[in-house]
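Below are the sequence and a predicted model; questions follow.
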Amino acid sequence: MSAALLTRPLAAIGRPVLAGLASVGRMVLFAVAVFSHLFRPPWYWREFAHAVMTIGWYSLPVVGLTALFTGGALALQIYDGSSRFSAEAAVPSIVAIGMARELGPVLGGLMVAARVASSIAAEIGTMKVTEQIDALVTLSTNPIKYLAVPRVLAATVTVPVLVAVGDSIGIMGGWLVGVNRLDFNSAAYLKNTVDFLEAADVASGVAKGAVFGFLVALMGCYYGMNSGRGAQGVGKATKLAVVSASVLILGSNYILTELFFSA
């Protein structure tokens, strides 16, 4: 009796831990399956083109607006902080580096996660509920090959482009605020931006965008294909896809920052 009382709390802790580890294992196996199918025919180019439009082009307005206002707010905050040390001239360079290295990729990835991961999970989850995925299997079509691979590949290709565009718009937002609100000289602001922004800063942000795009689409496909039955199951899959993609973006951002800039 006493042994059972002692082991009961441990069992209560162990069950969710084991369930979490099992879930991580299933995600890893799903990621390996998707990655392996990237290099084997057949390739569904029409699905890929549709995913590029849905993930890339339709996400551009929200990513652009987010970057624009972030760049402007960043310029105001840096100016307020640097004015205490008479270092207002550092505003253009810090805005450019901050947008290219961190804020552009991370905020762009989070916006894409909110829009794309939920959309993919809801679409594939609905297909599972309505037995369309079973119909694909009946027609000898691999669901991972037909549904997951084009979306993951499209996100991996298009999100870096979105990040690069978002970086440019964010820097422009900082320039607009700096020139019109903080009385910077336009030519001097742009010169400082160009002088201090290095190719490695831009490349690191674009590389982060590729990783974030892969994770966003992967989580949307994984939770969509493992959706529960009914509207409640699809809603839960959508929520988990967005939350998981957001957490993975923030965690992988730290790891990538360590790899790129720890030296």
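Everything's here; your move. Numbering: from 1, shown residues only.

going forward, measure contacts and count neighbours with C-alpha atoms only.
Fine.

How is the protein partitioned into domains?
For the chain, automatic domain parsing gives the domain ranges 1-37, 43-261.

could you give the mean pLDDT of the last one?
Rounded to a whole number, the mean pLDDT of domain 43-261 is 90.

Endpoints of it, how far apart?
One end of domain 43-261 to the other measures 37 Å (C-alpha to C-alpha, to the nearest Å).

about what we covered before: comparing the domains of the chain, which comes out most buried?
Ranked by mean neighbour count, the domains of the chain are led by domain 43-261 with a mean of 20 (mean count of other C-alpha atoms under 10 Å).

quick one: that one to chain centroid distance?
4 Å (C-alpha atoms, centre = their mean, to the nearest Å).

Tell me the span between the first and last residue of stretch 83-102.
End-to-end distance for stretch 83-102, by C-alpha to C-alpha: 23 Å.

Residues contacting that stretch, please?
Contact with stretch 83-102 is made by 71, 74-75, 78-79, 82, 104-105, 164, 167, 170-171, 174-175, 189-190, 192-193, 196-197, 201-202, 204-205, as judged by C-alpha atoms under 8 Å, 6 or more residues apart in numbering.

What of stretch 177-186?
Contacts of stretch 177-186 (C-alpha under 8 Å, 6+ apart): 72, 75-76, 175, 189.

Please repeat the previous calculation with a cut-off of 10 Å.
69, 71-76, 79, 88-89, 91-92, 171-172, 174-176, 187-191 (C-alpha atoms under 10 Å, 6 or more residues apart in numbering).

what packs against the helix or strand hosting residue 19?
Per DSSP states H and E: residue 19 is located in helix 2-37. The helices and strands touching helix 2-37, judged by 3 or more C-alpha pairs under 10 Å, 6 or more residues apart in numbering; DSSP states H and E, are helix 149-180, helix 199-225.

tell me the angle the helix or strand following that helix makes with helix 149-180.
Counting by DSSP H and E, the element after helix 2-37 in chain order, helix or strand, is helix 45-52. Using axes from the mean of the first three to the mean of the last three C-alpha atoms, to 10 degrees, the inter-axis angle of helix 45-52 relative to helix 149-180 is 30 degrees.

In PDB, please show the C-alpha coordinates belonging to helix 45-52.
Extracted C-alpha coordinates of helix 45-52, given in PDB (Å, rounded to 0.1, in the frame of the first residue of the first chain):
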ATOM      1  CA  TRP A  45       4.200  20.600 -59.600                       C
ATOM      2  CA  ARG A  46       0.600  21.900 -59.800                       C
ATOM      3  CA  GLU A  47       0.200  21.400 -56.100                       C
ATOM      4  CA  PHE A  48       3.600  23.000 -55.500                       C
ATOM      5  CA  ALA A  49       2.700  26.100 -57.600                       C
ATOM      6  CA  HIS A  50      -0.700  26.500 -55.800                       C
ATOM      7  CA  ALA A  51       1.100  26.200 -52.400                       C
ATOM      8  CA  VAL A  52       3.700  28.900 -53.500                       C
END
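
Run through the neighbouring helices and strands of the helix or strand following it.
As assigned by DSSP H and E, the chain's next helix or strand after helix 45-52 is helix 60-82. Where contact means 3+ C-alpha pairs under 10 Å, 6+ apart, helix 60-82 is packed against helix 91-98, helix 104-112, helix 149-180.

Need those in CSV (columns: distance to residue 53).
Formatted as CSV, the helices and strands packed on helix 60-82 follow (distance: least, C-alpha to C-alpha, whole Å):
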stretch, distance to residue 53
helix 91-98, 28
helix 104-112, 13
helix 149-180, 9
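
Tell me which of these lies nearest to residue 36.
helix 149-180 (9.5 Å; C-alpha to C-alpha).

Run the angle between the following helix or strand past that closest one and helix 149-180 for me.
As assigned by DSSP H and E, the chain's next helix or strand after helix 149-180 is helix 186-196. Here the directions of helix 186-196 and helix 149-180 differ by 130 degrees (the same axes, to 10 degrees).
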